[in-house]
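Can you look at this prediction? I've put the sequence above it.
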Amino acid sequence: MADPSAPDSGRDARAPLSPLIHGRVRLLILCRLAPRPGGQTFTELKQALELTDGTLSVHLGKLAAGGVVEIRKEFAGKKPQTLVQLTAQGRRQFQAYVEELRRLVPGLETPAT
């Protein structure tokens, strides 16, 4: 019987990484947003990740539907812009995803400083 105090107690060791985050483009989006608490504009994300408007829109829509990102329409002066930020829930999910990678892949532990 499994130790109930074990960190992954009740979790299937074969369970896949979060499919919402694990997709290549969505993972890249979250990697870009994670160190930026103020978020980034749609245009900044599009240019940095070299994505089309359509591809970025589809993936942001999935992340927003999952509660991972918040998308707000704002104005910079008279010019409209779309701001994308990680939600608190999204930050927790992304951190859990990174921890799961560390658990699954030998050698990804946080290096001692």
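Received it, and whenever you're ready, just let me know what you need.

Please identify the buried residues of stretch 46-63?
46, 51, 56, 59-60, 62-63 (16 or more other C-beta atoms under 10 Å). Using the backbone N, CA and C atoms, a C-beta is placed for each residue, glycine as well.

Greatest separation within those residues: which pair is it?
Using C-beta to C-beta, the buried residues of stretch 46-63 span at most 16.1 Å, a distance reached by K46 and K62.

before we move on, back to that, looking at the buried residues of stretch 46-63, which is nearest L30?
L30 lies nearest to L63 out of those, by C-beta to C-beta, at 7.6 Å.

which non-adjacent residue is nearest the closest one?
The shortest distance from L63 to any non-neighbouring residue, by C-beta to C-beta, 6 or more residues apart in numbering, is to V69 (4.4 Å).

nearest to L83, of the buried residues of stretch 46-63?
Distance to L83 across the buried residues of stretch 46-63 (C-beta to C-beta) is lowest for L60, with 11.1 Å.

Outside of the host helix or strand of that closest one itself, which residues are in contact with it?
Counting by DSSP states H and E, the element that carries L60 is helix 53-65. Where contact means C-beta atoms under 8 Å, 6 or more residues apart in numbering, the residues beyond helix 53-65 that reach it are 20, 23, 25-26, 29-30, 42, 45-46, 49, 69-71, 84, 90.

returning to what we had before: hang on, the residue nearest to L63 packs against R91?
No. The criterion here is C-beta atoms under 8 Å, and V69 misses it with R91 at 10.1 Å.
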